[in-house]
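pasting the structure only:
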């Protein structure tokens, strides 16, 4: 999948400060924290969790629609970072590595635990839950703002196909079936949406 | 050319479309092949591909941040500590603050890995050498087997049909003519064996060459000292010097006083014309 290829190709990017816990040691770089992590400093893992735990949890929860499962995935992702030396700094930022890992594990879990029909039902339930949830965070990152704006610039239909593919790992034919649109339309629409997104985000990347 | 169309508004499939499709994981097999070719021809487009992948990876940043449960942080740290304790001796080294120890351990591990790899390399080399030696030996053995088979077949073919000869000799009335080479074939010799009123004769010879295809041996039977030779069949000899044939004339079995073997051309008429090579009498 393309998202897996990302792990090899993404380029470095700084931490998302506004996503991190206010108690984290914002001054320590990811590289320093990773170095001490590799030296067995569990406190570095704690700091990295404070920095990126919220991002990983939020993404997992969005995919799995379950607090418990999101918690499980978040723990899994950070323990993977702890025990496996799989992350390579020259292949991208730590934050993006964690995002890709969280998405991959969450979608795997989604596929293994629920049938297609169950997922459909669950999705429809979640579609009703569109009202904003109270935020623990008072601020958002500039990157987050830009991404939101970029997504907002898409048409509803374009956003729909992009989010279905990204958060649910749906294939084009599954998206076509769900929204009752031709397969060719799904294909062109999703690609067009990503092209727009890329253009809008290009300046911030 | 679709690949040269960078405009996002281009209705035709272009390389932007392929790159976006790749990032979304939705390329058809044909499109994947096209993209692979494209990236081979224009490697600079890999950077473009990266921007599509990055754009897609930005999607979750638009989510409203959700706070994980307060206890999760401590649970992860505790689990990490437990895992470290289970994994010995790595965990022991990991918990030590000294970087130099960690580095030494890492160095030792790398050295050990290098030794293992080197040994594997040597083992592989040895295995390859051994394989080559065995293959060469196998080839030699196969050649030897082929040679032995060939020799065995030759020997089997060369072996006189002793059973047939013995069977004739067992008979009390067996007729055995001792043959001696004439002037043209004075090193040749042999014995002609037959039975009275029996149409088959057996020749066991020595130094009687196998004739070329256009030549043939002919046996002539001489009933009395003054009788004309009677044609008693033709044959070619074998390497084994053992040959059997059926006589065409009943008179051949009339206990001749003398037998003569001549060499004739295949096309020669069956008259006693060719030179005699063997002559014999009872």
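Right, received. Where do you want to start? Quick caveat, the model's predicted, so the values are computed rather than measured.

for stretch A:160-179, buried residues please.
Within stretch A:160-179, the residues that count as buried by 16 or more other C-beta atoms under 10 Å in any protein chain shown are A:160-170, A:172, A:174-176, A:178. C-beta: built from backbone N, CA, C; applies to glycine.

out of the residues you listed, who's near chain B?
A:162, A:163, A:165, A:166, A:172 (C-beta under 8 Å from any C-beta of the partner chain).

pick out the most distant pair among those.
The most widely separated members of these are A:163 and A:172, with 14.0 Å between them, by C-beta to C-beta.

what's the average pLDDT for the lengthiest helix in chain A?
Scanning chain A for the longest helix, with DSSP state H as the assignment, gives helix A:42-64. Mean per-residue pLDDT for helix A:42-64: 92.

and if you look at stretch B:251-260?
pLDDT averaged over stretch B:251-260 gives 79.

measure that stretch end to end?
Using C-alpha to C-alpha, to the nearest Å, the end-to-end distance of stretch B:251-260 comes to 15 Å.

residues making contact with that stretch?
B:175, B:177, B:179, B:192, B:194, B:196-199, B:201, B:219-225, B:229-230, B:232-233, B:247, B:272, B:276, B:278-282 (C-beta atoms under 8 Å, 6 or more residues apart in numbering or on different chains).

so how do I select the buried members of these in ChimeraX?
With 16+ other C-beta under 10 Å as the criterion, this ChimeraX line picks the buried residues out of the contacts of stretch B:251-260:
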select /B:175,177,179,192,194,198,199,201,219,220,221,222,223,229,230,232,233,247,276,278,279,280
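
what ranges does chain B have for its helices?
Using DSSP H, helices in chain B cover B:15-24, B:29-41, B:45-57, B:72-86, B:90-95, B:99-158, B:162-170.

worst average pLDDT in these?
Least confident of the helices of chain B, judged by mean pLDDT, is helix B:90-95 with a mean of 41.

sec struct for the closest residue to chain B within chain A, please.
Closest residue of chain A to chain B, C-beta to the nearest C-beta: residue A:40 (2.5 Å). Following DSSP: H, G, I helix; E, B strand; the rest coil, residue A:40 is assigned to coil.

what's the local residue count around it?
Residue A:40 has 23 neighbouring residues, counting by other C-beta atoms under 10 Å in any protein chain shown.

then residue A:33?
For residue A:33, using other C-beta under 10 Å, the count is 22.

quick one: it and residue A:49 touch, right?
No - using C-beta atoms under 8 Å, residue A:33 is not in contact with residue A:49; the gap is 10.3 Å.

which residues do these two both contact?
With C-beta under 8 Å, 6+ apart, residue A:33 and residue A:49 have no common neighbours.

circling back to that earlier point, so the residue of chain A closest to chain B is in contact with residue B:84, correct?
Yes - in this structure, residue A:40 is within contact of residue B:84 by C-beta under 8 Å, at 6.8 Å.

what's the neighbour count on residue 47?
Unless you meant another one, I'm taking chain A. The burial count for residue A:47: 22, using other C-beta under 10 Å.

my question was about chain B
So residue B:47, with other C-beta under 10 Å, has 10 neighbours.

any weak-confidence spans in chain A?
A:1-27, A:89-92, A:113-141, A:203-205 (pLDDT under 70).

outline the domain layout of it.
A:1-115, A:140-205 (automatic domain parsing).

who are the neighbours in contact with residue B:195?
Applying C-beta under 8 Å, 6+ apart to residue B:195 gives the contacts B:168, B:171, B:173, B:174, B:175.

and of these, the nearest to chain A?
Among the contacts of residue B:195, and counting by C-beta to the nearest C-beta, the member closest to chain A is residue B:168, at 89.2 Å.

which residue, neighbours along the chain excluded, lies closest to that closest one?
residue B:193 (4.6 Å; C-beta to C-beta, 6 or more residues apart in numbering or on different chains).

that neighbour against residue B:179, yeah?
No - the criterion here is C-beta under 8 Å, and residue B:193 misses it with residue B:179 at 10.7 Å.

need the residues touching each of these two.
Common contacts of residue B:193 and residue B:179, defined by C-beta under 8 Å, 6+ apart, comprise residue B:203.

for residue A:179, which non-adjacent residue is closest in space?
Residue A:179 sits nearest to residue A:160 (C-beta to C-beta, 6+ apart), 6.8 Å away.

mind checking how far the one you found is from residue A:182?
Distance, residue A:160 to residue A:182, using C-beta to C-beta, to the nearest Å: 15 Å.

just list the residues touching residue B:32, thanks.
Contacts of residue B:32 (C-beta under 8 Å, 6+ apart): residue B:22.

which residue of chain B lies farthest from its centroid?
Going by C-alpha atoms, centre = their mean, the residue of chain B most distant from its centre is residue B:70, 71.7 Å out.

quick check: phi and psi at it.
phi -60, psi -30 (degrees, to the nearest 10).

show the pLDDT at it.
Reported pLDDT for residue B:70: 90.

distance of it from chain A?
In this view, residue B:70 and chain A are 11 Å apart by C-beta to the nearest C-beta, to the nearest Å.

then residue B:44?
From residue B:44 to chain A the distance is 14 Å (C-beta to the nearest C-beta).

hmm, back to that, Throw the ones next to chain B among the buried residues of stretch A:160-179 into a markdown table and include secondary structure, thanks.
Output for these, formatted as a markdown table (three-state DSSP):
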| residue | secondary structure |
| --- | --- |
| A:162 | helix |
| A:163 | helix |
| A:165 | helix |
| A:166 | helix |
| A:172 | helix |
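
please give the element, helix or strand, for the closest residue to residue A:158 other than its chain neighbours.
Nearest non-adjacent residue to residue A:158, counting by C-beta to C-beta, 6+ apart: residue A:193, 3.6 Å away. In the assignment (DSSP states H and E), residue A:193 maps to helix A:183-201.

buried residues of that helix, list them for me.
A:186-198, A:200-201.

mind giving me the packing neighbours of that helix?
Secondary-structure packing of helix A:183-201 (3 or more C-beta pairs under 8 Å, 6 or more residues apart in numbering or on different chains; DSSP states H and E): helix A:142-152, helix A:156-168, helix A:172-179, helix B:15-24, helix B:45-57.

which among those helices is found nearest to residue A:72?
helix A:156-168 (17.3 Å).

other SSEs contacting the longest helix of chain A?
helix A:30-38, helix A:67-83, helix A:94-113, helix A:156-168, helix B:72-86.

make it 6 Å
helix A:30-38, helix A:67-83, helix A:94-113, helix B:72-86 (3 or more C-beta pairs under 6 Å, 6 or more residues apart in numbering or on different chains; DSSP states H and E).

ok, residue B:68 - contacts?
Contact analysis of residue B:68 by C-beta atoms under 6 Å, 6 or more residues apart in numbering or on different chains lists A:53, A:57, A:74.

mind redoing it with 7 Å?
A:53, A:54, A:57, A:71, A:74 (C-beta atoms under 7 Å, 6 or more residues apart in numbering or on different chains).

quick one: name the residues of the stretch 51-200 of chain B near chain A.
Selection of the stretch 51-200 of chain B residues close to chain A by C-beta under 7 Å from any C-beta of the partner chain yields B:51-69, B:72-73, B:75-77, B:79-81, B:83-84, B:93-96, B:99, B:102.
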